[in-house]
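>>> below is the structure, and that's it, no one-letter string:
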Ligand code: BEZ
């Protein structure tokens, strides 16, 4: 399998973490792409008309895209056990994943606003509104973190990846002061080899 990737993307990292948790990281060949929302390499566009990463080209040639689809594919095909099958556990894990992915969406938009948009067109109110989404998500995760324990599933992995991306791109936010219980959980959870091996660069 070939994964179109960028080492900074939290959504690509999620796929790599899930592959590692499934024990198949060595079956995923990484192909790095330089891209922005306004420049998409042709090879990626051929597989994913939306021109977004992650995109996973299967050995059959079919291309899967959207990190949630790819993660569920890997978990199903390689028995990862990261998606609780039914009931409250399933909906809690998926809701946590949605919270963490939305956090990453907002943080990536902040990054693009500063990095891709010309300086004279940047809009500080818009950046602030995105950061407020991240802060509100942090407040919810702080309250819920006492229930995370040592559970490793798609929800807790997604939360750890979102926090790692915030550390990487928004170190000035000092989220640990705002969310100390979440920080204590993250300190331990982020020792997992799958997370250690996939730090954003
Ligand atoms: C980043 O540089 O932060 C980034 C790169 C690719 C996708 C998302 C984020």
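That came in fine, so what should we check first? Everything numeric in this text was worked out from a predicted model, so none of it was measured. Numbering: from 1, shown residues only.
>>> CA atoms for contacts and neighbours, from now on please.
Fine.
>>> and the helix or strand of the chain with the lowest mean pLDDT, what does it pack against?
Least confident helix or strand, the chain: helix 42-47 with a mean of 94, by mean pLDDT, DSSP states H and E. Here helix 42-47 touches strand 55-57, going by 3 or more C-alpha pairs under 8 Å, 6 or more residues apart in numbering; DSSP states H and E.
>>> what pairs with the strand it packs on, parallel or antiparallel?
Strand 55-57 has the following sheet partners, assigned by DSSP bridges: strand 2-5 (antiparallel), strand 63-65 (antiparallel).
>>> quick check: what element follows the last one along the chain?
Just to be clear, that refers to strand 63-65. Under the assignment DSSP states H and E, the closest C-terminal helix or strand after strand 63-65 is helix 67-77.
>>> and that following helix, what's buried?
Neighbour-count burial for helix 67-77, with 16 or more other C-alpha atoms under 10 Å as criterion, is recorded at 67-68, 70-72, 74-75.
>>> for residue 8, list the residues it contacts.
200-201 (C-alpha atoms under 8 Å, 6 or more residues apart in numbering).
>>> for it, give me the pLDDT.
Residue 8 carries a pLDDT score of 96 in this model.
>>> which single residue in the protein comes nearest to the ligand?
Nearest residue of the chain to the ligand (C-alpha to the nearest ligand atom) works out as residue 9 at 3.8 Å.
>>> what separation do you get for that residue and residue 180?
Distance from residue 9 to residue 180, counting by C-alpha to C-alpha, to the nearest Å: 25 Å.
>>> what about those two, which has more around it?
residue 9 (17 against 13; other C-alpha atoms under 10 Å).
>>> just the element for residue 17, please.
Applying DSSP H and E as the criterion places residue 17 in helix 10-21.
>>> who are the packing partners of that helix?
helix 67-77, helix 154-169, helix 193-196.
>>> kind regards, and thank you for your time.
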